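**Q** Sequence and predicted model, in that order:
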Amino acid sequence: MVLAELGKSINAALQKLNKAPVVDEALVDQILGEIAMALLKADVNAKFIKKLREDVKMEFKLCQEENVNHQKLIQKSVVDGLTRMLESDRKPFQPKKGKQNVIMFVGLQGSGKTTTCTKYAYYYQKKGWKVALVCADTFRAGAFDQLKQNATKVRVPFYGSYTEADPVQIAQEGVNVFKKEAFEIIIVDTSGRHKQENDLFEEMKQVEAAVKPDDIVFVMDSSIGQACFDQALAFKKAVNVGSVIITKLDGHAKGGGALSAVAATESPIVFIGEGEHFDDLESFEASSFVRRLLGLGDINKLFQSVKDVVNMRDQPQLIQKLKEGKFSIRDLQTQFNSVLKLGSLNQFMSAIPGMGSSVLSKGNEKESIKRIQRFLCIMNSMTSEELDGEGNLNFCRIVRIAKGSGTSIEEVHILLDEHKKLSKVVGNLAKTNLGGKRGNEFD
Ligand code: GDP
């Protein structure tokens, strides 16, 4: 993933803070210069970069004389600045369970709209929603066939027509059919064009008036970088865009520019597309994204992934334990098993501090799966007491576990260290009471 490169460059600059004996203005300038270069390479607007540099420098100057950890201060300041750059003040639409949410998708042809409709359908279907797809793209030959094939692959009901040429009529009919059948998320894929033109916008407005969507999702290809700003504004002016999905962030160096440019239009980014498969869709929240980009881990995302992947029956129990700041090796084992079953490895792993940066790039996924499988072998060789944190994992036991699992002492140590790190984060969170607040999200 190209964004991982951006994360690595920013991280490399921040690492210099840890190595320097003193943090002075010259060093901060140098580091900010390197971060600015990395952001420029990702096509982030120079105006946003200037603002980030000014904010971080100001914060450093204000605290320069104080007895604070300057390394941590600069890091936090950079994280906050990047988060502000990617954040929209507007809250994105959240579909309501048990209600019939009509979601209309708009975007230029080739942006990945039809693929993203399917990814979106698949995302909610996996979470247990009753989802359906309507193809109202009568402009592009083969659009209905494509949607039909996609929908069949993910087993989502669909509606469309080979003969009806009026997109408004198809959209309306499809939505009515699925509303009658009490579908909770009805996705309407509309036509795209090669460029913004009046016919496209007129058609979008007519479909909008006919189906009265609860949300309009604008799908945008990230490859044009900061030029996304004008496109996002144009669509926003034409129809009531409530959410944005940025696609193809797996393949373009300009991803950072695209994300910041769209955020600047005050349209919340809800998901990002990171590949051609139907599960290559990741929910987007600026601060989580930045923390994971920099390999800092993200407890919020971790909770979310617990909610996504853990068996509904076990969920309340595990979430209660997380709220209390507890996370045993057995909990980690349950997580790894669920993650392997559902294949949402990247999202879960990147939420763990320190693990994120090593697996964020797609190429590492196979290796990470192997690593998790070896971790599971290690856990399977532990006693029940050890899994529940009640055993004595001394050197002797570690040697036995390594032998029993066919792994090495070093690997057992790595697993124990990762678990320790994770339970510390969970513990700190509960102590600072954040656990309670975050926990409410699961109630
Ligand atoms: P539409 O014309 O906007 O409906 O676009 P399509 O859904 O047909 O997608 C156009 C191309 O982009 C197809 O080859 C998709 O597989 C590809 N695509 C869509 N989303 C992504 C993504 O996030 N990453 C990558 N690499 N390709 C994508």
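**A** Thanks, I have it. Numbering: from 1, shown residues only.

**Q** Kindly report the residues of this structure close to the ligand.
**A** Within the chain, the positions lying close to the ligand (Cβ under 6 Å from any ligand atom) are 107, 109-115, 192, 247-248, 250-251, 273-276, 280. No exception for glycine: its C-beta is placed from N, CA and C like everyone else's.

**Q** now the residues you listed: which count as buried?
**A** Buried members of the residues of the chain next to the ligand, scored by 16 or more other Cβ atoms under 10 Å, are 107, 109, 111-115, 192, 247-248, 250, 273-275, 280.

**Q** ok, of those residues, which one's closest to Lys8?
**A** Closest approach to Lys8 among these (Cβ to Cβ): Asp250, at 15.6 Å.

**Q** From Leu6, how far off is the nearest residue to that closest one once chain neighbours are set aside?
**A** Distances taken as Cβ to Cβ, 6 or more residues apart in numbering place Glu274 nearest to Asp250, at 4.5 Å, with adjacent residues excluded. Separation of Glu274 from Leu6 (Cβ to Cβ, to the nearest Å) stands at 14 Å.

**Q** all helices for the stretch 51-200 of the chain, in order.
**A** For the stretch 51-200 of the chain, helices defined by DSSP state H, counting those that start in this stretch occupy the ranges 70-86, 113-126, 143-153, 167-180, 198-211.

**Q** likewise the stretch 301-443 of the chain?
**A** For the stretch 301-443 of the chain, applying DSSP H, counting those that start in this stretch gives helices covering 315-323, 329-342, 345-349, 356-359, 365-380, 384-387, 395-405, 409-431, 434-440.

**Q** State the pLDDT value of the closest residue to the ligand within the stretch 51-200 of the chain.
**A** Using Cβ to the nearest ligand atom, the single residue of the stretch 51-200 of the chain nearest to the ligand is Gly112, 2.9 Å away. For Gly112, the pLDDT comes out at 94.

**Q** again with the one 4 residues further on
**A** Thr116 is assigned a pLDDT of 97 by the prediction.

**Q** Wait, it touches Ile272, no?
**A** No. Counting by Cβ atoms under 8 Å, Thr116 stays clear of Ile272, with 10.1 Å between them.

**Q** Name the residues contacting each of those two.
**A** 245, 247, 281 (Cβ atoms under 8 Å, 6 or more residues apart in numbering).

**Q** So for those, which is the shakiest by pLDDT?
**A** pLDDT is lowest at Leu281 among the shared contacts of Thr116 and Ile272; the value there is 90.

**Q** For it, which non-adjacent residue is closest in space?
**A** Lys119 (3.9 Å).

**Q** Tell me who's in contact with that neighbour.
**A** So Lys119 contacts 271, 273, 278-281 (Cβ under 8 Å, 6+ apart).

**Q** Mind putting these into TSV with secondary structure?
**A** What follows is these, written out as TSV (DSSP: H, G, I helix; E, B strand; the rest coil):
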residue	secondary structure
Phe271	strand
Gly273	strand
Phe278	coil
Asp279	coil
Asp280	coil
Leu281	strand
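
**Q** ok so, going back, so which of the shared contacts of Thr116 and Ile272 is the closest to the ligand?
**A** Ranked by distance to the ligand (Cβ to the nearest ligand atom), those are led by Thr247 at 4.0 Å.

**Q** pretty sure the closest one contacts Ile224?
**A** No. Under the criterion of Cβ under 8 Å, Thr247 makes no contact with Ile224, lying 11.3 Å away.

**Q** Surely the residue of the stretch 51-200 of the chain closest to the ligand is in contact with Phe218?
**A** No. Using Cβ under 8 Å, Gly112 makes no contact with Phe218, being 11.7 Å away.

**Q** residue in the stretch 151-300 of the chain nearest to the ligand?
**A** Gly273 (2.9 Å).

**Q** sec struct for His277, please.
**A** coil.

**Q** Neighbours of it, how many?
**A** 12 (other Cβ atoms under 10 Å).

**Q** so who does Lys212 touch?
**A** Lys212 neighbours (Cβ under 8 Å, 6+ apart): Val102.

**Q** at 10 Å what do you get?
**A** Residues near Lys212 by Cβ atoms under 10 Å, 6 or more residues apart in numbering: 102, 104, 172, 175.

**Q** Please name the residues that touch the residue of the stretch 51-200 of the chain closest to the ligand.
**A** Residues in contact with Gly112 (Cβ under 10 Å, 6+ apart) are 119, 192, 219-222, 245-248, 273, 276.

**Q** Skipping adjacent residues, who's closest to it in space?
**A** Thr247 (3.7 Å).

**Q** and that neighbour, how far is that from Lys57?
**A** 35 Å.

**Q** ok, now Leu147?
**A** 50 Å.

**Q** Same check on Lys236?
**A** For Lys236 relative to Lys57 (Cβ to Cβ), the value is 33 Å.

**Q** Repeat that for Ile414.
**A** For Ile414, the distance to Lys57 - Cβ to Cβ - is 39 Å.

**Q** One more: Tyr120?
**A** Taking Cβ to Cβ, one finds Tyr120 at 41 Å from Lys57.

**Q** cool, Gly110 as well?
**A** Computed with Cβ to Cβ, the distance linking Gly110 and Lys57 is 41 Å.

**Q** now swap in Val106 and tell me
**A** 40 Å.

**Q** Look at the two and report which has more neighbours.
**A** Neighbours were counted for Val106 and for Lys57 using other Cβ under 10 Å; Val106 has more, 27 against 16.

**Q** re earlier: please flag which of the contacts of Gly112 sit within strands.
**A** 219-221, 245-247, 273 (DSSP state E).

**Q** residue with max distance from the center of the chain?
**A** Largest separation from the mean C-alpha position in the chain: Cys396, at 41.2 Å (Cα atoms, centre = their mean).

**Q** Retrieve the pLDDT associated with it.
**A** Looking at Cys396, the pLDDT reads 91.

**Q** Show me where the stretch 1-150 of the chain dips below the pLDDT cut-off.
**A** For the stretch 1-150 of the chain, the stretches with pLDDT under 70 are 1-2.

**Q** what domains does the record give for this structure?
**A** Domain ranges of the chain: 2-86, 101-289, 295-440, per automatic domain parsing.

**Q** can you give me the strands in the stretch 1-150 of the chain?
**A** Taking DSSP state E, counting those that start in this stretch, the strands of the stretch 1-150 of the chain run over residues 101-106, 131-136.

**Q** Need the winner for burial among those strands.
**A** Highest mean neighbour count among the strands of the stretch 1-150 of the chain (mean count of other Cβ atoms under 10 Å): strand 131-136, with a mean of 28.

**Q** Quickly run through the sheet partners of it, with directions.
**A** In the sheet, strand 131-136 lines up against strand 158-159 (parallel), strand 185-190 (parallel) (DSSP bridges).

**Q** Out of these, which one sits most buried?
**A** Burial of these is given as mean neighbour count (mean count of other Cβ under 10 Å); strand 185-190 ranks first at a mean of 30.
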